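Trainee: Only the shape, not the letters, is given here:
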């Protein structure tokens with residue numbers, strides 16, 4: 001059986017990315033399904049290919065993931081697992097948050113995906129849907 005994969009693109013001003021690192025604002029790299037969207041974030045474009053079953057969607061988080069595992073990450077990061085915290089991170093209802101709070105919610109969403117064994121997680125952003133790709137995924141520069 002052939003595994004389906006998704007190709008995701010990352011735009012950067014950095015011309016020498018070789019790995020996706022766990023430090024930084026999000027603990028991974030935001031990628032887009034379209035090269036054009038990635039190019040709007042920097043002139044150097046990178047690509048990664050991820051097995052579809054290694055990508056965590058919002059549907060998986062809400063309906064198929066172990067809620068206790070999600071609650072453990074939320075409790076570690078926020079000291080609570082309230083409906084409000086769940087809505088902000090898991091359901092991505094963060095329209096009323098400032099940018100730093102919304103970005104932190106995306107970072108924690110990545111931690112949840114990693115705790116569940118995924119290599120990327122779907123997120124809503126200015127492009128519609130983007131993916132936070134987690135450390136360990138190979139990334140290759142393609143703008144040469």
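Mentor: Happy to help now that I have it. These figures come from a predicted structure and were not determined experimentally. Numbering: from 1, shown residues only.

Trainee: which residues of this protein fall in strands?
Mentor: All strands of the chain, identified by DSSP state E, fall at 5-12, 29-31, 44-51, 55-56, 120-125, 128-133, 140-141.

Trainee: So in this protein, which helix runs the longest?
Mentor: Longest helix in the chain, counting residues (DSSP state H): helix 99-115.

Trainee: Any buried residues in it, and which?
Mentor: Of the residues in helix 99-115, 102, 104-114 count as buried by neighbour count, 16 or more other CB atoms under 10 Å. No exception for glycine: its C-beta is placed from N, CA and C like everyone else's.

Trainee: Same question for stretch 59-72.
Mentor: Judged by neighbour count using 16+ other CB under 10 Å, the buried positions of stretch 59-72 are 61, 65, 70-71.

Trainee: Find the nearest non-adjacent residue to residue 121, please.
Mentor: Spatial nearest neighbour of residue 121, chain neighbours left out: residue 113 (3.6 Å); criterion: CB to CB, 6 or more residues apart in numbering.

Trainee: Do I have it right that that neighbour meets residue 131?
Mentor: No - in this structure residue 113 lies outside contact range of residue 131 using CB atoms under 8 Å: 9.7 Å.

Trainee: Distance to residue 142 for the buried residues of helix 99-115 - can I get that in a markdown table?
Mentor: Compiled in a markdown table, the buried residues of helix 99-115 are given as follows (distance: CB to CB, whole Å):
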| residue | distance to residue 142 |
| --- | --- |
| 102 | 29 |
| 104 | 30 |
| 105 | 30 |
| 106 | 25 |
| 107 | 26 |
| 108 | 30 |
| 109 | 27 |
| 110 | 23 |
| 111 | 28 |
| 112 | 29 |
| 113 | 25 |
| 114 | 25 |
